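Asks: Sharing a model that was predicted from the sequence below.
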Amino acid sequence: MFKRVLIANRGEIALRVIRACRELGIETVAVFSEADKDAAYLDLADLKICIGSSRSADSYLKIDRIISACEIFSVDAVHPGYGFLSENAHFAEVCKSCNYEFIGPTAEAMSLLGDKNSAREIAVKAGVECVPGSDGLIKSESEAIRFADKVGFPVLIKASAGGGGRGMRVAKDREQLSTAIKQASQEAQNAFGNDAIYLEKFIELPRHVEVQIIADNFGNVVHLWERDCSIQRRHQKLIEESPAPNLKQKTREQMCSAAVKLVKTAGYTNAGTVEFLVDKDEKFYFIEMNARIQVEHPVTELITGIDLIKNQILIAAGKRLSFKQSDVKQFGHALECRINAEDPDHNFRPCPGKIDRLIIPGGFGVRFDSHVYAGYTVSPTYDSMVGKLIVHQPTRSEAISSMRRCLRELVISGIKTSVPLQQRILDSKEFQAGNIDTIFIERKFMKK
Ligand code: MV4
């Protein structure tokens, strides 16, 4: 087993990993930037070291400094968390070659799945349905026209190196197609240094459902059921839940086995998420794979009773999964609200500042994963998430009642937060009925 793990991240997820390590009897090394020097969670790590100034590019993204920190403290492994270097195949490779176990998939599996076009090819090989689209990359406008005519407009142009909604363009007809292609590939070139694009039929009003998987190094792949993450705004998820509401048991089981097949075909190990779009008729299509632990992992932990972070660590240490597929039950219903420091009166722009009063809700089935406290200053440098409020109850309707009660109890003063918007969503009859899709917020709450 590992003796010492370095956490190449900050904030909520750094604290989450420190807690898991403590319970496993593993020592931790926390790295931090100058902006985070006073963060209280750093004192829960056994060791800590400053790796640079506040800008991420000068600290949390600096591979050489992180490797130096590993060397100084002779760690056995690195946990990358989410964001930052978590899906950087080069970083995974460097860790491995310096003899620090990377707590995540191999660099090969990561780069295979990180490229959306190559992930689609793996899905096809695994017999998992993708959104109808081009067979591979688009090399010319005439090729794009041919595919668009075949699958029918509207179509979506996607960047192969993209993800999380960046580098996407919709084209409603032939006329819009050539502009959309030029814009998408230009945007992809600027954002990712790779202008490769492909084309998909545009699914209208989809739901976003993703399947959590975990795989050890002995070929055991197990799914931990699905999460619905449709409630988002500009690709920022606000509410996640498990199980997905209004989904037939048969659809759920088909999606989960599709995810397992894809992961086996890719030779993927450790924790990962297979994302699908689900249309009105419950037809589901693979869109992309996330090769990391995700922000919303706690809803899965609550309904399965399985600690994902501990399992990530155990797998990286060469252990076999201690459970099999038939052991993984979906128990009750879990909901998560991501609490962000943002200003609803100014188009939800980040709203950093000092938290002067903090009251955290509690009670039956309530979990608050957060690194903040009264007196903590939310820095403008990093993402605006200040915590995750998660509830677990026997049914969806009880989970909604519990979350509404918790959001009333939660006090975060000194900064503006996403809480009022989340309250309005949870108060709405449509959300309560489970009638959700990826433009739910725009449709119901952004009308001016
Ligand atoms: C789509 C789509 C409709 N049709 N693909 C956005 C992020 C990336 N993961 C894929 N995304 C989408 N791909 C086709 N063919 C609609 C979206 C989409 C979306 C997906 C998941 C969650 C929120 C979303 C919000 C807008 C668009």
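Replies: Ah, there it is. Everything quoted here is computed from the prediction, not taken from an experiment.

Asks: Mind pulling up the pLDDT for the residue in the stretch 1-150 of the chain that the ligand sits nearest to?
Replies: Using C-beta to the nearest ligand atom, the single residue of the stretch 1-150 of the chain nearest to the ligand is Val131, 4.1 Å away. C-beta here means a position set from N, CA and C on the backbone, and glycine is covered the same way. Here the pLDDT value assigned to Val131 is 95.

Asks: What number of residues are in the vicinity of it?
Replies: Other residues within reach of Val131, judged by other C-beta atoms under 10 Å, total 23.

Asks: likewise the one 4 residues further on?
Replies: Neighbour count for Asp135, taken as other C-beta under 10 Å: 11.

Asks: any idea how far Ser86 is from it?
Replies: Asp135 sits 30 Å away from Ser86 when distances are taken as C-beta to C-beta, to the nearest Å.

Asks: Now do the same for the most centrally placed residue in the chain: helix, strand or coil?
Replies: For the chain, the residue nearest the mean C-alpha position is Gln294 (3.5 Å; C-alpha atoms, centre = their mean). Following DSSP: H, G, I helix; E, B strand; the rest coil, the label given to Gln294 is coil.

Asks: Could you double-check that it lies in contact with Thr273?
Replies: Yes. Between Gln294 and Thr273 there is a contact under C-beta atoms under 8 Å: 5.5 Å.

Asks: shared neighbours of the two, anything?
Replies: Common neighbours of Gln294 and Thr273 (criterion: C-beta atoms under 8 Å, 6 or more residues apart in numbering): Glu210.

Asks: in the protein, which strand has the most residues?
Replies: Among the segments of the chain that qualify as a strand by DSSP state E, the longest is strand 221-233.

Asks: Pull up the pairing partners for the helix or strand following it, direction included.
Replies: Following strand 221-233 in sequence order, the next helix or strand is strand 236-242 (DSSP states H and E). If you go by DSSP bridges, strand 236-242 pairs up with strand 221-233 (antiparallel), strand 333-340 (antiparallel).

Asks: Give me every residue in this protein lying close to the ligand.
Replies: Within the chain, the positions lying close to the ligand (C-beta under 6 Å from any ligand atom) are 131, 156, 164-165, 200-203, 206, 208, 232, 235, 275, 277, 287-288, 438.

Asks: Pull out the buried members of these.
Replies: Those of the residues of the chain next to the ligand that meet the buried threshold are 131, 156, 200-203, 206, 208, 232, 275, 277, 287-288, 438, by 16 or more other C-beta atoms under 10 Å.

Asks: For stretch 398-418, buried residues please.
Replies: Result for stretch 398-418 [16+ other C-beta under 10 Å]: buried residues 398-400, 402-403, 406-407, 410, 412, 414-418.

Asks: same question, stretch 184-202
Replies: Per 16+ other C-beta under 10 Å, stretch 184-202 contains these buried residues: 184-185, 187-189, 192, 195-202.

Asks: same thing with stretch 344-363?
Replies: 344, 348, 350-351, 355, 358, 360-361.

Asks: go on, stretch 33-48?
Replies: Buried, per 16+ other C-beta under 10 Å, within stretch 33-48: 33, 35-36, 39, 41-42, 44-48.

Asks: Stretch 421-440 now?
Replies: Quick answer for stretch 421-440 (16+ other C-beta under 10 Å): 421-423, 425-426, 431-432, 434, 436-438, 440.

Asks: and the spatially closest residue to Leu262 that is not a sequence neighbour, what does it touch?
Replies: In space, and not counting its chain neighbours, Leu262 is closest to Ala126: 4.6 Å by C-beta to C-beta, 6 or more residues apart in numbering. Neighbouring residues of Ala126 by C-beta under 8 Å, 6+ apart: 258, 261-262, 264-266.

Asks: if you average pLDDT over stretch 90-97, what comes out?
Replies: 98.

Asks: And stretch 349-369, by the same measure?
Replies: 97.

Asks: Could you name the helices and strands sitting against the helix or strand containing Cys95?
Replies: Here Cys95, judged by DSSP H and E, is contained in helix 89-97. Secondary-structure packing of helix 89-97 (3 or more C-beta pairs under 8 Å, 6 or more residues apart in numbering; DSSP states H and E): helix 63-72, strand 101-102, helix 107-114.

Asks: Pairing partners for the one helix or strand Phe32 maps to, with directions?
Replies: Element membership for Phe32 (DSSP H and E) is strand 27-33. With DSSP bridges as the test, strand 27-33 is paired with strand 4-7 (parallel), strand 47-52 (parallel).

Asks: Quick check: pLDDT value at the residue nearest to Leu262.
Replies: 98.

Asks: cool, and Phe323?
Replies: 98.

Asks: was I right about it contacting Asp307?
Replies: No. Phe323 is not in contact with Asp307 according to C-beta under 8 Å; the separation is 11.3 Å.

Asks: Quick check: neighbours shared by the two?
Replies: With C-beta under 8 Å, 6+ apart as the test, Phe323 and Asp307 reach no residue in common.

Asks: got any ranges where the protein has weak pLDDT?
Replies: 164, 447-448 (pLDDT under 70).

Asks: which residues of it fall in helices?
Replies: Using DSSP state H, the helices of the chain run over residues 11-24, 63-72, 89-97, 107-114, 116-126, 141-151, 174-192, 249-266, 297-304, 308-316, 396-409, 419-427, 429-432, 440-445.

Asks: Most tightly packed of the ones you listed?
Replies: Of all the helices of the chain, helix 297-304 has the most neighbours on average by mean count of other C-beta atoms under 10 Å, namely a mean of 24.

Asks: Contacts for that helix next, please.
Replies: Against helix 297-304 from outside (C-beta under 8 Å, 6+ apart): 212, 224-225, 227, 240-243, 271, 306-309, 328-336, 365, 367, 369, 388, 390, 392.
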